[in-house]
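Peer 1: got a sequence here, can you model it:
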Amino acid sequence: MKKNILLLVFTMVFFLAMVPVSAQNYATHAVKDGETLKSISQKYRVTPYSILQANKEIKSASDVKVNTILIIPLTGKPVEEKKETKKEEQEEEIKPIRFTRHRVRRKETLFGLSQKYNITEDQLKRYNTRLYSETLDKGMVLQIPVFPEVDPEEEEELDFEEYTVQPKETRWSIAHKYGISVDSLLVLNPELDKNTNYLAVGEELKLPRPKGDSLKDQKVELFTSYTVPPKMTLYSLGKQYGIPTDSIVRLNPEIMKAGGLKEGMVVRLPKKKNDEGEVNTENFIFYEVKPKQNIFRLTQNLKITRDELFRLNPALENGLKAGMVLKLPKEKADELEVKNALVLDKINLVDSINVENMPKLVFMLPFRLDKVNVSDPEKAKELIKNRRDLALSLGLYTGAMVALDSIKKLGVSVDVTTYDTQLDQAKVKEILFRENLSGVDAVIGPLASGPLDEVAVQAASKNIPVIAPISSDSKLSHSNVFFSVPREVVMREKMLSYMEKVHQDENIIIIADSTHQVALDSILSKFPGAQIAKVIENKSLHLDEFLLQLSEEKENWVFLETDQPNMVASVTSILNSANTAAIGSDESERMDVRMFTTSFNAAFDDDAVSRTHLSNLKFTFPTFYKEAGSNTFIKAYSKKYNGVLPDRYAIRGFDLTMDVLLKLAYKKNLFETSKYIGLTEYAGNGFDYFNDWTSGYFNRACYIMEYDELQIKEVESNDSKSNL
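Peer 2: Numbers count the residues shown, from 1 in each chain. As a prediction, the model looks like this:
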């Protein structure tokens, strides 16, 4: 019976599609993708109401779905195919700038939600497509589009001038100087690269000419009331405020009526401009105002008083508008998260997901399937154990798979392709020649520098970002590569800045072999009074001389800079003995010794080095990873891989992949996202990329760790909190 009814319905639809209901007065129309009741009514020059009247089964505009057959009462000539519709679509095609999330409560309706968020029901359905086929139910999680605000008082005509970029200027500092948004700057200068914020010194920009002193222009000028004192003349007043006398008269026509400037007269004058030096990154940091922000919330977030904010940005007296660029004191950078002189908003990436962004991801790692014999498990295990590249690849990839499971639970669909590079540059060339990377949003890998350079060059031609899992740098310049491991100089600077901050009156000694001269020089630049211990043939200390350098009155801070495991084991043993020599004797004779390094490496993790000694010495070091702090990830990994716990490579694979996917789910352009997202932290790794313009994106997130009671703990958190 049910089958017969369906057959009858399809027959009726087919019949209606083929035959006009009345050849003279009606037509039929099959709804196409993107069409609405309004656009269809405009095409046939009828009212939406008349279409609803002719189609009783259609109760509202939301019921007009793709492939629905409508009966159209003809009262006028249909508009030529798509010309009007295309224009309308262009006008209506306003892209959301971001999304918020809403969990549906009991008795909520589509109409109520559209009123609450100032959007249409059609926009709500467009970004939550299941609402086309499902009813609104309690507990449903919807993504709510947030659209840019349109300024109805936007100037119709502008005069323009050429501006030459000066040293230490940025897009934000120039936008502030001219009172425009960065988006307007890009519209006026379409040749500017959309993927970076770079401006070259001497570059010519098109900008709106500063307004003159005509009465027409003065409608947006900022004024102050001025009470004329005794003996004040128009000339001296104009000189004091830096404006022509005729401009004062035009602003205050009562001066002419009174026969000149009189004592006690209250006149209107433009406010004096701040004279606080050039508006550039040397003097200020900048903030770009977001939609729906208010002054109170802004002062709270920017940690500044209302008076100070208005003093620095007099244009605020005309009202706060989205897109405005505000300048802030340079010293505020210590309290706020700042990137390239721009203050970043705290963005919760998980809550900012746009499920319509479906990232396309490529992994290129050396799985060495050409070497691994999977039919012989014992040999395969032995090979994995002995080959670091293989163990690293499998660790990264198993962690990445957990990240893909996690992002899927958040509603994001990811298209993943994986290639085995076999640790061979020729193989990488073959893959790139055979496969088309068009449409790919990001490539993770390869590991080795040669293959990485090969992929980076090919990907750059298609504007594809490449994420280097373990590299911190390259001999070549790649503007599209994200180097996820911080450079050694970044970690060293983090360590020395921390120690400089906590240093009081300690006795500092440096032990460095000949291959760590840079580290030695860096320590001396911070602590010029430090002593240098004598090292014999890069292997051992000149013990007698070293023991004389230790202090019995002060705490001893000993820097050890080497990559020789035997030297690390020897020095830690000597320092531990000095630290505990007084046990069982007079406590006053005991030395206090702590050990540090600015260049942590595998030598300190070697089996020959005693963990007890490191703990006794409270060994402190910089690193780009820490122990996994996320039980959620550990449980998910263990469940997926039958009870196996993740190693640090697996943790890195999860963190790296999760970071890339969340950023692509927020905005499907990693270059664009990197401008506005600061520090992100996950299970054990942090990411805070700095754009070095031509050389690539370099991670600055690292940690200061310390051995304490046989545990490794973080002693100083990153300056900014996680975005998650």
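Peer 1: isn't K462 right up against V440?
Peer 2: Yes - at 7.5 Å, K462 counts as touching V440 under the criterion of CB atoms under 8 Å. (Each C-beta comes from the backbone N, C-alpha and C, glycine too.)
Peer 1: when the two are compared, which one has more neighbours?
Peer 2: V440 (19 against 12; other CB atoms under 10 Å).
Peer 1: got the domain ranges for this structure?
Peer 2: 2-91, 94-146, 160-212+275-343, 223-270, 351-486+627-716, 488-623 (automatic domain parsing).
Peer 1: tell me the confidence at the nearest residue to I295 once chain neighbours are set aside?
Peer 2: Excluding the flanking residues, the one nearest I295 by CB to CB, 6 or more residues apart in numbering is L320, at 5.8 Å. For L320, the pLDDT comes out at 84.
Peer 1: run a quick neighbour tally on L320.
Peer 2: 15.
Peer 1: so D563 touches F600, yeah?
Peer 2: No - using CB under 8 Å as the test, D563 is too far from F600 to be in contact (10.0 Å).
Peer 1: beta partners of Y689?
Peer 2: N699 (DSSP bridges).
Peer 1: roughly how far does it sit from V412?
Peer 2: Distance from Y689 to V412, counting by CB to CB, to the nearest Å: 21 Å.
Peer 1: swap in E714?
Peer 2: 30 Å.
Peer 1: same check, this time on P230
Peer 2: Taking CB to CB, one finds P230 at 73 Å from V412.
Peer 1: the more surrounded of those two?
Peer 2: V412 (20 against 6).
Peer 1: so the residue nearest to the more buried one when sequence neighbours are not counted is in which element?
Peer 2: Nearest residue to V412, sequence neighbours excluded (CB to CB, 6+ apart): A665, at 4.8 Å. According to DSSP states H and E, A665 maps onto helix 648-666.
Peer 1: which strands and helices lie in contact with that helix?
Peer 2: strand 360-365, helix 388-409, strand 442-444, helix 631-640, helix 670-676, strand 680-681, strand 686-687 (3 or more CB pairs under 8 Å, 6 or more residues apart in numbering; DSSP states H and E).
Peer 1: quick one: pLDDT of the residue lying closest to A400 once chain neighbours are set aside?
Peer 2: Distances taken as CB to CB, 6+ apart put T657 closest to A400, at 4.0 Å, once the chain neighbours are dropped. Looking at T657, its pLDDT is 96.
Peer 1: for E331, see how far away T657 is.
Peer 2: According to CB to CB, T657 and E331 sit 38 Å apart.
Peer 1: state whether L205 is indeed within a strand.
Peer 2: Yes - judged by DSSP: H, G, I helix; E, B strand; the rest coil, L205 forms part of a strand.
Peer 1: could you measure from it over to K177?
Peer 2: Distance of L205 to K177, given as CB to CB: 11 Å.
Peer 1: of the two, which one has the most company?
Peer 2: L205 (20 against 17).
Peer 1: ok, back up a step: surely the residue nearest to V412 touches I353?
Peer 2: Yes - the criterion here is CB under 8 Å, and A665 meets it with I353 at 4.5 Å.
Peer 1: more neighbours: which of these two?
Peer 2: Set A665 next to I353 and count neighbours by other CB under 10 Å: A665 wins out with 26 against 21.
Peer 1: tell me the mean pLDDT over stretch 389-398?
Peer 2: 89.
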